[in-house]
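Asks: this one's sequence-less:
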């Protein structure tokens with residue numbers, strides 16, 4: 001039980017960031033306007049992420065060695081972050097529709113949630129793999145974390161409606177996390193090694209940290225510009 005608590009806490013604090021990002025994605029594709037679809041997506045996401053994260057734990061080493069996976073996934077996340085900041089607007093009230101569908105099908109939305117989670121949660125997955133090798137312990141800790149954080153996602157969506165700048169900050173966090181994930185991809189390691197050999201006085205780890213921060217700041221600036229245009 002002690003291990004389950006450790007896995008829960010590890011994933012819970014990681015999910016505090018993840019839930020902001022996923023809430024922004026659901027709002028981007030209008031899921032917050034369709035209550036039945038919204039709650040179905042929350043339910044499916046909890047189940048899907050519990051299963052996929054548990055699977056990631058047992059193949060974390062193999063996943064980390066797949067060349068290009070984190071790099072190209074990171075590019076997709078940066079593209080999503082850009083789309084989020086370009087559509088950030090203030091809404092005084094969320095409209096709820098009893099019929100109709102969001103702008104993205106449920107299957108594609110779920111795939112997007114799973115892919116986004118993969119890019120963001122990989123570091124915590126690697127740590128989780130060191131805590132336990134028992135499937136039930138891992139699944140229970142991850143499930144409890146997702147259940148608690150996703151329960152409050154609806155309130156986060158409401159905050160996005162009234163405070164769009166928070167949505168812009170979330171997009172900045174997404175892009176920053178994407179760059180950091182891309183920097184750990186084996187695809188780049190030969191280039192990193194060449195850079196270290198030719199520019200030994202430059203710390204590549206810190207360089208990637210700076211690039212990640214710069215990407216986050218760039219998203220913030222784009223979002224602020226977009227909001228200022230919307231007020232005119």
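Replies: Received, thanks. Because the structure is predicted, anything quoted here is derived from the model rather than measured. Residues are numbered from 1 along each chain as shown.

Asks: mind listing what the residue of the chain most remote from its centre touches?
Replies: When distances are taken from the C-alpha mean of the chain, residue 198 lies farthest, 34.4 Å away, according to Cα atoms, centre = their mean. For residue 198, the contact set (Cβ atoms under 8 Å, 6 or more residues apart in numbering) is empty. From N, CA and C alone the C-beta is placed, and that goes for glycine too.

Asks: so where do the helices sit in the protein?
Replies: Counting by DSSP state H, the segments of the chain that form helices are 2-28, 35-58, 60-64, 69-86, 106-131, 135-151, 153-162, 164-183, 189-198, 204-231.

Asks: so how far is the second one from its chain's centroid?
Replies: Centroid separation between helix 35-58 and its chain, computed with Cα atoms, centre = their mean, to the nearest Å, is 13 Å.

Asks: where does the prediction get shaky in the chain?
Replies: For the chain, residues meeting the criterion pLDDT under 70 lie at 1, 17, 61, 64, 88-100, 123, 156-163, 230-232.

Asks: please repeat the previous calculation with a cut-off of 50.
Replies: 92-94, 96 (pLDDT under 50).

Asks: ok, back up a step: so which of the helices of the chain is the most packed in?
Replies: Of the helices of the chain, the one with the most neighbours on average (mean count of other Cβ atoms under 10 Å) is helix 164-183, at a mean of 23.

Asks: now for that helix, which elements pack on it?
Replies: Packing partners of helix 164-183 (3 or more Cβ pairs under 8 Å, 6 or more residues apart in numbering; DSSP states H and E): helix 2-28, helix 69-86, helix 106-131, helix 153-162, helix 204-231.

Asks: mind putting those in JSON lines, distance to residue 171 included?
Replies: JSON lines is the format used below for those (distance: least, Cβ to Cβ, whole Å):
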{"stretch": "helix 2-28", "distance to residue 171": "7"}
{"stretch": "helix 69-86", "distance to residue 171": "4"}
{"stretch": "helix 106-131", "distance to residue 171": "12"}
{"stretch": "helix 153-162", "distance to residue 171": "11"}
{"stretch": "helix 204-231", "distance to residue 171": "5"}
